[in-house]
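1. Structure for the following, please:
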Amino acid sequence: MPTNPNKLSHFWQELKRRKVVRVITVYAAAAFVILELTDIVAPSLGLPGWTLNFIIILLCVGFIISVIVSWVYDIHPEGGIVKTESSKKVPEEGVPPSSKGWKIASYFSFVVIIALIVLNVLPRNKVSKNSVLLDKSIAVLPFRNDSEDKGNAHFINGAMESILDNLCKIEDLRVPGRTSVEQYRGVSRPIPEIAAEMNVSYILEGSGQKLGDRILLSVQLLNGKNDQHLWSKQYDREIHKIEDLIDIQSEIAKLVASEIEAIVTPKEKELIEKILTTNLTAYDFYQRGREEHWKFKTDNDNREALERAEELYQDALEYDSTFALAYTGLARVYWDRHYWDTYFTENFLDSVLILADKAISYDNQIAEAYTVKGDSYREIGQEEQAIREYSKAITLNPNNWEAYLGKGEYYAHFDGVKGLENYHKAVSLNRGSELPALLRKLAETYHRYGFREKALYYSQEALKLDNDSVLYYYGLGRDAGFTGDVANGIKFGKAVYALDSSNVAILLSLGDLYMMSDQYKESLKYYKKFIARLNSLGILQTNYMHRVAYAFWMNGLKEEAEHYFNLEVEYCNMSIELGRIEAQQLWSYYDLASVYAFRGEKEKAYENLRIYNQRPTVSSWMMSIQRRDPLFESIWDEPEYQQIVRDADSKYQAEHARINKWLDENDML
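-> Residues are numbered from 1 along each chain as shown. Sure thing, here's the model as predicted:
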């Protein structure tokens, strides 16, 4: 043991004699400089994300070689490069003097290393502590169209949306969709303010113009917390084929992901680089169609835009009959144009499914096509198939809020936990005009299972966003009525009716509330307005005609009552026969049972109640109605009816407890 310090001391002296320590110092300084230069210029040159790692590996290999060479060889001031003699062969006084150049290089390198640590490494450590707060989330703001020809706006918007779509395909990123960011078009707002509203850490903004076949595009990535510029890129390209455009759009997405340090899997990279059509004209028509369809989405009264969208999608297919996205666009157009006029036909949404399947037959990696199929299958009652389609869509686009919404719509009626999980996911991905409605979906689901405080919280969050006091107080009035506070329910209902007397939901709610308080004349007044408004809008309300009928009956208008009772039976039977949303989640059976019970056909009433009683969960408001539903007065006190009510209460309590446990496990109580 006593000899160890001497050996270590000797080894250290030998490292200094052979100039190894100085070589390490100089090499370290040079390596620091090389890494810094690479980190600065790599994004500007468009170098791949692995470039820095590759340089680090090269420098590590070079370090090992440098140490070995410096141990074996030396540079003498007079003799040049010579092999270093063993210390045993060189007497102390025979050690040649060191080169002044080596000494200067060593001292200079030491200073460089210290300076880089002070000026770069320490600040980065501070940044890294803050960057923990920056999750991998980004909003792509609408690009500014700098073209003199404003008719080229669809081209710049299409480039922006394609970049956004590419980023959405990366599971490691959270990306709000176009509906979320469109509100910032042409609006000058501080970046941190936008990032806070979008709940994202990064912002990508850009501008561009199209000059004939030439495209000029400029994009920059910003830190959403402090507006710090992180990365920018300018493109000046001739676009002669679709690959030229796709290359730009996919390159931007990959560079952004690299800067944010998001993991891009080989499969995701393949999807980002995918050529959607080989025909540039077809792509241009598709982008024009998408822009017109977008105008309709933001203004449902703009039927002309919807018709133009259909024509432009068809034009795209004239140039490329295998263009999957154009078929998907047409599927959405057919949905928007023909939903209600085909609702009670056997070919309801068939055209939509055919077009979506056509899209998938040409390209089975189009997430939007699977979302359309999921929506269609859910509407026609094939809900397990709908869930499979939504799951496929999410696999291809992990940021597909519409697919999560569709899953939430399904599960909310049968599995409260899964319903809430999917609604929360949809909310996390949407910061657009749909967000208040999504928050109200959350509020409704929490109220459904007895979590009134949480329901009130999300209702208030929705109110903060859209300031829609009509919807807010309508919800309060409806919920008050279902929980037994009918007087307050009517108070809220009348208040919002004064603000919006044509709202279908408000008219229906007031009809219900007055019926609950046995004020049948007032109830019928609002039910009549409800029916008139439905007719003017061309909307079918398939599960409330029996309530309207009861109001007519209690006002002595039995002929009118029979008409609406018969209409309810017809709607329910058609819904069951055609499987519309699985007969409205079995509600059609309850509504049929109520008509039969009112008419004294008890066996038919129980037959349908037994089917309805197969529901795995029951909502709080259904429990409130079912206990003393006036349409079931003839069987209220019968043992079987009472058992059905107890079964429903047990299911409600069990689901409430299950959701409470889930909330507790996720620190959400």
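2. Okay, strands next: where are they in the stretch 101-250 of the chain?
-> 138-140, 144-145, 202-211, 214-223, 229-238 (DSSP state E, counting those that start in this stretch).
3. Could you look over these and pick the most buried one?
-> Among the strands of the stretch 101-250 of the chain, the stretch with the highest mean neighbour count (mean count of other CB atoms under 10 Å) is strand 138-140, at a mean of 28. For the C-beta atoms, the positions are set from N, CA and C on the backbone; glycine is no exception.
4. re earlier: do you know which of the strands of the stretch 101-250 of the chain lies nearest Val175?
-> With CB to CB as the measure, strand 138-140 is the member of the strands of the stretch 101-250 of the chain nearest Val175 (5.9 Å).
5. For Tyr520, which non-adjacent residue is spatially closest?
-> In space, and not counting its chain neighbours, Tyr520 is closest to Met554: 4.0 Å by CB to CB, 6 or more residues apart in numbering.
6. Quick check: the one you found touching Glu522?
-> No: look at Met554 against Glu522 with CB atoms under 8 Å: they stay out of range, at 11.3 Å.
7. Mind listing the shared neighbours of these two?
-> Common contact partners of Met554 and Glu522 (CB atoms under 8 Å, 6 or more residues apart in numbering): none.
8. count of residues packed around Gly477?
-> Residues lying near Gly477 (other CB atoms under 10 Å) number 27.
9. where's it, which helix or strand?
-> Taking DSSP states H and E as the criterion, Gly477 maps to helix 469-482.
10. and that helix, C-alpha only, in PDB?
-> The C-alpha atoms that make up helix 469-482 are tabulated as PDB, following Å, rounded to 0.1, in the frame of the first residue of the first chain:
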ATOM      1  CA  SER A 469     -74.600  32.700 -20.500                       C
ATOM      2  CA  VAL A 470     -77.600  31.100 -22.300                       C
ATOM      3  CA  LEU A 471     -76.000  27.700 -22.400                       C
ATOM      4  CA  TYR A 472     -74.500  28.100 -18.900                       C
ATOM      5  CA  TYR A 473     -77.800  29.000 -17.200                       C
ATOM      6  CA  TYR A 474     -79.700  26.500 -19.400                       C
ATOM      7  CA  GLY A 475     -77.500  23.800 -17.900                       C
ATOM      8  CA  LEU A 476     -78.000  25.000 -14.400                       C
ATOM      9  CA  GLY A 477     -81.800  25.000 -14.900                       C
ATOM     10  CA  ARG A 478     -81.900  21.500 -16.500                       C
ATOM     11  CA  ASP A 479     -79.700  20.100 -13.700                       C
ATOM     12  CA  ALA A 480     -81.700  21.800 -11.000                       C
ATOM     13  CA  GLY A 481     -84.900  20.200 -12.300                       C
ATOM     14  CA  PHE A 482     -83.400  16.700 -12.500                       C
END
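11. just checking, what packs against that helix?
-> Helices and strands touching helix 469-482, by 3 or more CB pairs under 8 Å, 6 or more residues apart in numbering; DSSP states H and E, are helix 435-448, helix 452-466, helix 486-499, helix 504-516, helix 620-627.
12. show me where the stretch 151-300 of the chain has helices.
-> Per DSSP state H, counting those that start in this stretch, the stretch 151-300 of the chain carries helices over the ranges 153-168, 178-181, 191-198, 242-260, 266-272, 280-298.
13. How about the stretch 501-650 of the chain?
-> 504-516, 520-537, 545-554, 558-578, 581-585, 587-598, 602-612, 620-627, 639-665.
14. Buried residues, stretch 630-638. List them.
-> Buried positions in stretch 630-638, judged by neighbour count with 16 or more other CB atoms under 10 Å: Leu631, Phe632, Ser634, Ile635.
15. what does that stretch contact?
-> Outside stretch 630-638, the residues that touch it by CB under 8 Å, 6+ apart are 515, 546, 550, 593-595, 597-598, 600, 602, 605-606, 626, 628, 641.
16. again, only using 6 Å
-> Stretch 630-638 is contacted from outside by Ser594, Ala597, Phe598, Tyr641, using CB atoms under 6 Å, 6 or more residues apart in numbering.
17. picking that back up, out of the buried residues of stretch 630-638, who's nearest Tyr652?
-> Using CB to CB, the buried residues of stretch 630-638 come closest to Tyr652 at Phe632, 17.8 Å.
18. mind listing what Ala593 touches?
-> By CB under 6 Å, 6+ apart, the neighbours of Ala593 are Ala605, Asn608, Leu609.
19. Dump those residues to a markdown table, plus neighbour count, pLDDT and distance to Asn400.
-> Converted to a markdown table, the contacts of Ala593 look like this (neighbours: other CB atoms under 10 Å; pLDDT from 0 to 100; distance: CB to CB, whole Å):
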| residue | neighbour count | pLDDT | distance to Asn400 |
| --- | --- | --- | --- |
| Ala605 | 24 | 96 | 43 |
| Asn608 | 23 | 95 | 37 |
| Leu609 | 22 | 95 | 38 |
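20. Turn those residues into a markdown table, columns for distance to Thr265.
-> Below are the contacts of Ala593 laid out as a markdown table (distance: CB to CB, whole Å):
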| residue | distance to Thr265 |
| --- | --- |
| Ala605 | 56 |
| Asn608 | 50 |
| Leu609 | 51 |
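21. So which of those residues is the closest to Ala532?
-> Looking across these and measuring by CB to CB, the closest to Ala532 is Asn608, at 29.5 Å.
22. Quick check: closest non-adjacent residue to the closest one.
-> Nearest residue to Asn608 in three dimensions, chain neighbours excluded: Ala593, at 3.8 Å (CB to CB, 6+ apart).
23. how close does the one you found get to Ile366?
-> Separation of Ala593 from Ile366 (CB to CB, to the nearest Å): 43 Å.
24. So, low pLDDT: which residues of this structure?
-> 1-22, 25, 29, 32, 36, 39-52, 67, 69-134, 581-585 (pLDDT under 70).
25. Tell me how it divides into domains.
-> As given by automatic domain parsing, the domain ranges for the chain are 3-131, 138-275, 540-669.
26. Tabulate those domains in JSON lines, adding columns for distance to Gly289.
-> Output for these, formatted as JSON lines (distance: least, CB to CB, whole Å):
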{"stretch": "domain 3-131", "distance to Gly289": "32"}
{"stretch": "domain 138-275", "distance to Gly289": "9"}
{"stretch": "domain 540-669", "distance to Gly289": "29"}
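27. Ok, which of the ones you listed comes nearest Val504?
-> domain 540-669 (7.9 Å).
28. Quick one: end-to-end distance for that closest one.
-> Terminal residues of domain 540-669 lie 39 Å apart, using CA to CA, to the nearest Å.
29. so how far is it off the chain centroid?
-> How far domain 540-669 lies from its chain's middle: 34 Å, per CA atoms, centre = their mean, to the nearest Å.
30. Check stretch 246-260 too.
-> Counting by CA atoms, centre = their mean, stretch 246-260 comes out at 20 Å from the chain centroid.
31. hmm, back to that, next, the buried residues of the helix holding Gly477.
-> Of all the residues in helix 469-482, those buried under the rule 16+ other CB under 10 Å are 470-482.
32. Can you tell me which of the residues you listed comes closest to Leu355?
-> Closest approach between these and Leu355, by CB to CB: Leu471, at 33.6 Å.
33. now the closest one: how far from Thr445?
-> As judged by CB to CB, Leu471 and Thr445 stand 16 Å apart.
34. One more: Thr322?
-> Computed with CB to CB, the distance linking Thr322 and Thr445 is 41 Å.
35. Between these two, tell me which one has more neighbours.
-> Per other CB under 10 Å, whichever of Thr322 and Thr445 has more neighbours is Thr445, with 26 against 16.
36. My guess is that one contacts Gly419. True?
-> Yes: Thr445 lies in contact with Gly419 (CB atoms under 6 Å); the separation is 5.5 Å.
37. where do the contact lists of those two overlap?
-> Ala412.
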